[in-house]
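**Q** requesting a structural model of the entry that follows:
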Amino acid sequence: MSYRDEEYHLYGGINFTEHSGIDFDKYSLEDLKKLWRATLKKGMHGICFSMYEDGQEPGDIISEEQVERRIKILKPYSKWVRSFSCIEGNEHIPRYAKKHGMKTMVGAWLGDDKEENEKEIEAIIQLGKEGVIDIAAVGNEVLYRNDLTLEELLDYIKRVKEALPGIPVGYVDAYYEFSVHPELVDISDVILSNCYPYWEGCHIDGSLAHMQQMFGQASHAARGKKVIITETGWPSQGGSLRGAESSEINAMKYFINTEVWAEKDNIETFYFSSFDESWKTGDEGDVGAYWGLWDKHEKLKF
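**A** Below is the predicted model:
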């Protein structure tokens, strides 16, 4: 996800700001790092799987060995793992996640290439029939990118739902898309919402409250269906966006506050992301390479 200039604040109902976050003023840098480590060690609900090492990018075929190595790194810290595609080696993610006792949110990547979309849809159905999918996510920010029409997207979701009865199926996009397109709510078993205060230029001090409002808007649109935060995070370096500053300190603060709030209010959240990925600088600029909790060498950052 990258910078957005749409009108976001369509929602005027209840928000979720009863938890205002940690008062970090009393923490030294070393204390902050210790709290970050302790929060991570306590465990997350979910983590987004970062697939690519240096020199790799989408389109490359990734080995089973690489996937399993990274799954084994993440296993002690997260109950769930989220994948973004079902081809080019991504199909190994849910298989090895299940092997190592993790639950899976498996994504089929949809774009404007209909042949590639067919490969993804066939692959997610196959994985579902193998029993390695706990939640199926059909498409990720397709409407934001204008890759498909709403009707085309709904057809893909319907196909997967019909092929995989018993598996919850949804679609991932920014929180406000579910207010704009109630048809997405109607067809989805679960509402899969990306919430990024950073990409809306929010200062770190207001970031938790802003994310809670995002979640509130998605919850209002969901009309009683479960809402899962499928992506949220903060970059540790790179360029900044208005009041949102990329820094190690802010990345630690945001992670800690996210996890404390998610646990307190029982919000199922997938943190973005696991490992830094150098290829992501294309659309997002230099900041795109620094969203991981682990660096590109698979070492914890702090």
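**Q** please report how far K114 lies from I61.
**A** K114 sits 21 Å away from I61, going by C-beta to C-beta, to the nearest Å. Where you see a C-beta, it was placed from the backbone N, CA and C, and this is true even at glycine.
**Q** what's across from the residue nearest to I157 when sequence neighbours are not counted in the sheet?
**A** The spatially closest residue to I157, leaving aside those adjacent along the chain, is V138, at 4.7 Å (C-beta to C-beta, 6 or more residues apart in numbering). Under the criterion DSSP bridges, V138 forms beta bridges with A108.
**Q** please tell me how far V138 sits from S179.
**A** Relative to S179, V138 is positioned 20 Å away (criterion: C-beta to C-beta).
**Q** compare those two (neighbour count), which wins?
**A** Neighbour totals were compared for V138 and S179, and V138 leads with 28 against 17 (other C-beta atoms under 10 Å).
**Q** quick one: contacts for the residue nearest to I157?
**A** Contacts for V138 were tallied using C-beta atoms under 8 Å, 6 or more residues apart in numbering; they are G107, A108, L110, I121, I124, L153, Y156, I157, V160, V169, G170, Y171.
**Q** the host helix or strand of the last one: how far from the chain's middle?
**A** In this assignment (DSSP states H and E), Y171 forms part of strand 169-174. Between the mean C-alpha location of strand 169-174 and the chain-wide mean there is a distance of 10 Å, by C-alpha atoms, centre = their mean, to the nearest Å.
**Q** and that strand, what does it pack onto?
**A** Using 3 or more C-beta pairs under 8 Å, 6 or more residues apart in numbering; DSSP states H and E as the contact test, the elements touching strand 169-174 are strand 135-140, helix 142-145, helix 150-163, helix 182-187, strand 191-194, strand 227-232.
**Q** in terms of mean pLDDT, which of these ranks lowest?
**A** Sorting the helices and strands packed on strand 169-174 by mean pLDDT places helix 142-145 lowest, at a mean of 95.
**Q** in terms of secondary structure, what does it contact?
**A** Of the remaining helices and strands, those touching helix 142-145 by 3+ C-beta pairs under 8 Å, 6+ apart are helix 150-163, strand 169-174.
**Q** give the buried residues for that helix.
**A** Judged by neighbour count (16 or more other C-beta atoms under 10 Å), helix 142-145 contains these buried residues: V142, L143, Y144.
**Q** how about stretch 67-74?
**A** Of the residues in stretch 67-74, those with enough neighbours to count as buried (16+ other C-beta under 10 Å) are V67, E68, R70, I71, L74.
**Q** now, these that are in strands?
**A** Using DSSP state E to define strands, no part of those is located there.
**Q** before we move on, back to that, which of the contacts of V138 sits closest to L293?
**A** Checking the contacts of V138 against L293 with C-beta to C-beta, the nearest one is G107 at 19.5 Å.
**Q** wait, isn't that closest one in contact with S85?
**A** Yes - taking contact to mean C-beta atoms under 8 Å, the distance of 6.4 Å between G107 and S85 places them in contact.
**Q** who's more crowded, these two?
**A** When G107 and S85 are compared on other C-beta under 10 Å, the one with more neighbours turns out to be G107, at 29 against 23.
**Q** measure that one to N257 for me?
**A** G107 sits at a distance of 26 Å from N257 (criterion: C-beta to C-beta).
**Q** over to H203?
**A** When distance is defined by C-beta to C-beta, H203 is 13 Å away from N257.
**Q** now the end-to-end length of stretch 267-281.
**A** The first residue of stretch 267-281 is 30 Å away from its last residue (C-alpha to C-alpha, to the nearest Å).
**Q** stretch 228-247 too?
**A** One end of stretch 228-247 to the other measures 26 Å (C-alpha to C-alpha).
**Q** which parts of it are buried?
**A** For stretch 228-247, burial by neighbour count (16+ other C-beta under 10 Å) applies to 228-238, 241, 244, 246-247.
**Q** list the buried ones in stretch 205-213?
**A** Within stretch 205-213, the residues that qualify as buried are S207, L208, A209, H210, M211, Q212, Q213, counting by 16+ other C-beta under 10 Å.
**Q** now, those residues that are in helices?
**A** Members of the buried residues of stretch 205-213 lying in helices (criterion: DSSP state H): S207, L208, A209, H210, M211, Q212, Q213.
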